[in-house]
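Q: Need the 3D shape of this:
(chains A, B, C and D)
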Protein chains: 2
Amino acid sequence: MKKQNEKMKIPVQERAVKSREKILSSAQRVFSQKGLHGARIDEIARLANINKQRIYAYFSSKKNLYHQVLIAVYSLAASNEKIIALREEDIPRMTFKIIESFLDFHQKHPEFWRLLAWENLNGGKSLKNEDWKAIRSSYVDHIKNLFEIGKNQGFVNVNVDFSTYILTIFSITYFYFSNQLTISHLLNLDLESITIRQQIAQQLNSMFAQNNNS
Amino acid sequence: MKKQNEKMKIPVQERAVKSREKILSSAQRVFSQKGLHGARIDEIARLANINKQRIYAYFSSKKNLYHQVLIAVYSLAASNEKIIALREEDIPRMTFKIIESFLDFHQKHPEFWRLLAWENLNGGKSLKNEDWKAIRSSYVDHIKNLFEIGKNQGFVNVNVDFSTYILTIFSITYFYFSNQLTISHLLNLDLESITIRQQIAQQLNSMFAQNNNS
DNA sequence: TTTAAAAGCAACTATTTATTTGCTTTTTAT
DNA sequence: ATAAAAAGCAAATAAATAGTTGCTTTTAAA
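A: This next block holds a predicted model:
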């Protein structure tokens, strides 16, 4: 992880903080749209309405700017997850609720799954273990708890492990957006229709629920 | 779709056909590794052990070479699908078999899911409808048939539509590889272990099977 | 054995793009 | 009002890279 580079200016005035934020949010859009290699510094500068050297003043290099963007976006996802309240009484509908909220998040934040996709294609070497440690949320653990309680209470299909469960949910909600462009051709399936999202959430909920009900 | 460019040389001798194939397979590796923009023509030439201009002689441009690679790889996937024989008596285990064979295919052909991923990120504009028409296999239709038969025979969970079914299978098998690098951090899940693949296939099979058995 | 296809070689063009430098202007805090 | 911080402006550097050109050598086929 790049640490505070000697050349990196630390903004002290309010105005400078704003500039830095403008850069970061523009970079977010451009990097998520074009990837690390496809993104252009000039485009980020233009979009942020600032001068190119401000970028180098505050972030010192394209790679480091990208690194900061990753941390910001992943952290956003981690913190957002905490917002979706899930209680014990939600267990029978938890799959439905989780899928809906994940789809909603991906829809609102394409930067997230896009940056994740670029990152995986590029070998995932931009973030180190220590970065991940700072990002990771406890939300998955919370879901796991409810899942296990649900098994004991008879609301959750006992044939399924939590790892299969969470992998399925992440896979579908991610794939739904990440592969929307090619999937329609490959599967003859139109994911744009509004009802299909509800269908998916509903049917997966029913599958993960106990064997003897709908 | 780029058609036979006037500048494109048509190989007549055996030797030339071989050269063209060497270029195509090297391009496949490099494009799938680095993407359209990250790939370097010089690297493709070096890997193919041929001279740079051979590429321009046979493919006329980087974009067109990429286009040819896409068609070749996607067609490979479509033709491979036909190999996995699935009969009516396989219905109770069909989910298991399909997942295993998809995972196996993705493992053997990372070019496929990687190129799919690049393509989706870049807006999926490299292939036109006519390209897809030539590529698409009838395998999905075949699976759909078995799925519906399974419902009638009581082997398949009637709460689930085929679109949810096929989407789930594609999602998981794709995501398993495409996001392996980040998923371990995000979900605290190690996908490298050998048993987990069998588990996933087994548990999804049980879920998609009728309500009243394992 | 001759001829045309195939392929190598090497230098060149033209463009793009990250990053730097020097200088001027604007804004903010004291 | 004045100094320091912040930001603009414009030109330059330096490297990478798609695509070209002209020429020579190798190979296969008749």
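
Q: which residues touch the residue nearest to residue A:55 when sequence neighbours are not counted?
A: Using CB to CB, 6 or more residues apart in numbering or on different chains and skipping the chain neighbours, the partner closest in space to residue A:55 is residue A:23 (5.6 Å). Glycine gets a C-beta too; all of them are placed from N, C-alpha and C. By CB atoms under 8 Å, 6 or more residues apart in numbering or on different chains, residue A:23 lies in contact with A:44, A:45, A:48, A:50, A:54, A:55, A:58, A:59, A:65.

Q: Keep only the residues you listed that also lie close to DNA strand D.
A: Subset of those in contact with DNA strand D: A:50, A:54, counting by CB under 7 Å from any atom of the strand.

Q: got TSV for the contacts of residue A:23, with secondary structure, pLDDT and neighbour count too?
A: Below are the contacts of residue A:23 laid out as TSV (DSSP: H, G, I helix; E, B strand; the rest coil; pLDDT from 0 to 100; neighbours: other CB atoms under 10 Å in any protein chain shown):
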residue	secondary structure	pLDDT	neighbour count
A:44	helix	97	27
A:45	helix	97	20
A:48	helix	96	22
A:50	coil	96	19
A:54	helix	95	18
A:55	helix	96	24
A:58	helix	95	22
A:59	helix	95	26
A:65	helix	96	24
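
Q: Chain neighbours aside, what residue packs nearest to residue A:25?
A: Using CB to CB, 6+ apart and skipping the chain neighbours, the partner closest in space to residue A:25 is residue A:48 (7.6 Å).

Q: any idea how far the most centrally placed residue in chain A is from residue A:122?
A: By CA atoms, centre = their mean, chain A has its centre lying nearest to residue A:112, at 3.8 Å. Distance, residue A:112 to residue A:122, using CB to CB, to the nearest Å: 16 Å.

Q: Could you do residue A:134 as well?
A: From residue A:134 across to residue A:122, the span is 21 Å (CB to CB).

Q: Residue A:147 too?
A: Distance of residue A:147 to residue A:122, given as CB to CB: 33 Å.

Q: now residue A:44
A: 18 Å.

Q: How about residue A:91?
A: Residue A:91 sits 39 Å away from residue A:122, going by CB to CB.

Q: Mind checking what secondary structure the closest residue to residue A:189 other than its chain neighbours has?
A: Nearest non-adjacent residue to residue A:189, counting by CB to CB, 6+ apart: residue B:163, 5.6 Å away. Of the three states, residue B:163 takes helix under DSSP: H, G, I helix; E, B strand; the rest coil.

Q: To what extent is residue B:163 buried, counted in neighbours?
A: 18 (other CB atoms under 10 Å in any protein chain shown).

Q: got the contact list for it?
A: The contact partners of residue B:163, by CB under 8 Å, 6+ apart, come to A:187, A:189, A:196, A:199.

Q: do the same with residue A:17
A: Contact analysis of residue A:17 by CB under 8 Å, 6+ apart lists residue A:11.

Q: So for it, what pLDDT did the model give?
A: Listed pLDDT for residue A:17 reads 94.

Q: ok, it to DNA strand D distance?
A: Distance, residue A:17 to DNA strand D, using CB to the nearest atom of the strand, to the nearest Å: 8 Å.

Q: same deal with residue A:63?
A: From residue A:63 across to DNA strand D, the span is 14 Å (CB to the nearest atom of the strand).

Q: Is it correct that residue A:165 is in contact with residue A:146?
A: No - look at residue A:165 against residue A:146 with CB atoms under 8 Å: they stay out of range, at 10.7 Å.

Q: okay, these two: which has more neighbours?
A: Neighbours were tallied for residue A:165 and for residue A:146 using other CB under 10 Å; the higher tally belongs to residue A:165 (22 against 18).

Q: what pLDDT does the more buried one get?
A: Reported pLDDT at residue A:165 in the predicted model: 97.

Q: who's in contact with it?
A: Taking CB under 8 Å, 6+ apart, we find residue A:165 in contact with A:95, A:147, A:208.
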